[in-house]
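J.: got a predicted structure plus its sequence, pasted below:
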Amino acid sequence: MASEEIRKIVMGLRPIDDDFMKVIFQNNNPLVEYILRIILNKNDLYVEKSETQYELEIFGSRKLFLDVFAKDSTGKCYDIEIQRADAGAAPRRARYHSAALDVDNVRHGTEFNQITDSYIIFITENDVMKGNLPKYIIERVVLETNELFRDGAHIIYVNGSYKNIETEIGKLIHDFVCKNAEEMLCQPMADITYKYKNTLEGVDYMCKAVEEYGKQQRNEGIQQGVQQGVLETIKKLIKKGKLSYEEIAENLDMPVDEVRKVAAQI
């Protein structure tokens with residue numbers, strides 16, 4: 001049985017919190033579809049595939065995990081990112097996610113006009129655009145004519161601090177920052193929240209998920225510390241100039257190319 005401390009953490013979680021978001025969207029095409037329909041105002045959108053923590057494996061040396069990846073019945077791709085910190089929704093991050101999603105979905109021989117539309121959607125706790133609007137739709141335009149460029153890349157920011165619940169998106173935003181199922185205004189959000197906060201099986205699952213997430217965060221912190229220590233050691237050895245790159249790599253049991261990358265940054 002989970003400790004009382006873990007249960008309190010679970011009861012305080014909201015859909016906009018990372019560890020709760022991962023659970024409620026997991027294997028839940030109907031919920032992803034429901035949210036996309038409201039945000040994009042498309043009632044004929046049908047999600048055929050969705051996955052949480054979707055890994056883009058082919059984009060250079062830096063791994064990228066999408067909070068929620070989805071593909072609809074027409075082949076359009078969606079990346080839903082839940083961000084509490086403003087820095088996590090920086091414009092250049094949106095640009096990077098858009099490019100990475102294209103690379104992940106374009107195969108050898110694909111004609112450019114066959115590249116599917118992509119939607120990068122940031123649901124943020126704060127109003128990062130500072131316009132007091134429920135959502136912001138970003139598109140490329142031709143500045144001289146003010147016409148849309150229509151390259152198929154779409155970026156949308158949803159303002160989690162928006163308070164007007166007179167519209168469907170306002171109700172959805174309300175539920176993303178709500179802790180209790182009985183106070184939610186969208187039935188699918190209320191139902192999934194009730195499952196993981198008001199049933200014995202659901203609460204037990206959430207408690208285990210929170211505990212596992214905590215362990216993962218601690219392990220990642222340790223690993224980052226080790227990597228940082230190795231990085232500093234390489235820099236010191238390079239600056240001393242007594243060992244060649246090959247000798248440094250041999251002493252630290254790592255590829256010499258990694259040593260060269262560090263040297264290029266000094």
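T.: Done, it's in. Note that the structure is a prediction, hence the values are computed from the model and not measured.
J.: use CA for all of it now, contacts and neighbours both
T.: Fine.
J.: and the helix or strand that contains Asp191, C-alpha only, in PDB?
T.: Asp191 belongs to helix 187-197 when assigned by DSSP states H and E. Provided in PDB are the C-alpha atoms of helix 187-197 (Å, rounded to 0.1, in the frame of the first residue of the first chain):
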ATOM      1  CA  GLN A 187     -17.200  14.600 -19.200                       C
ATOM      2  CA  PRO A 188     -14.200  12.700 -20.800                       C
ATOM      3  CA  MET A 189     -11.800  14.600 -18.600                       C
ATOM      4  CA  ALA A 190     -13.900  14.000 -15.500                       C
ATOM      5  CA  ASP A 191     -14.300  10.300 -16.200                       C
ATOM      6  CA  ILE A 192     -10.600   9.600 -16.600                       C
ATOM      7  CA  THR A 193      -9.700  11.700 -13.600                       C
ATOM      8  CA  TYR A 194     -12.300   9.900 -11.500                       C
ATOM      9  CA  LYS A 195     -10.900   6.600 -12.600                       C
ATOM     10  CA  TYR A 196      -7.400   7.400 -11.200                       C
ATOM     11  CA  LYS A 197      -8.400   9.400  -8.200                       C
END
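J.: for it, packing partners?
T.: helix 29-40, helix 200-240 (3 or more C-alpha pairs under 8 Å, 6 or more residues apart in numbering; DSSP states H and E).
J.: and the longest one, average pLDDT?
T.: Put plainly, it is helix 200-240. In this model, helix 200-240 has an average pLDDT of 74.
J.: list of residues touching the helix holding Asp191?
T.: With C-alpha atoms under 8 Å, 6 or more residues apart in numbering as the test, helix 187-197 has contacts from 10-11, 24, 31, 34, 175, 180-184, 202-203, 205-206.
J.: mind doing that once more with 7 Å?
T.: With contact meaning C-alpha atoms under 7 Å, 6 or more residues apart in numbering, helix 187-197 is reached by 11, 24, 31, 175, 181-182, 184, 202-203, 206.
J.: buried subset of those, written for ChimeraX?
T.: Provided next is the ChimeraX selection string for whichever of these are buried by 16 or more other C-alpha atoms under 10 Å:
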select :11,24,31,175,181,184,203,206
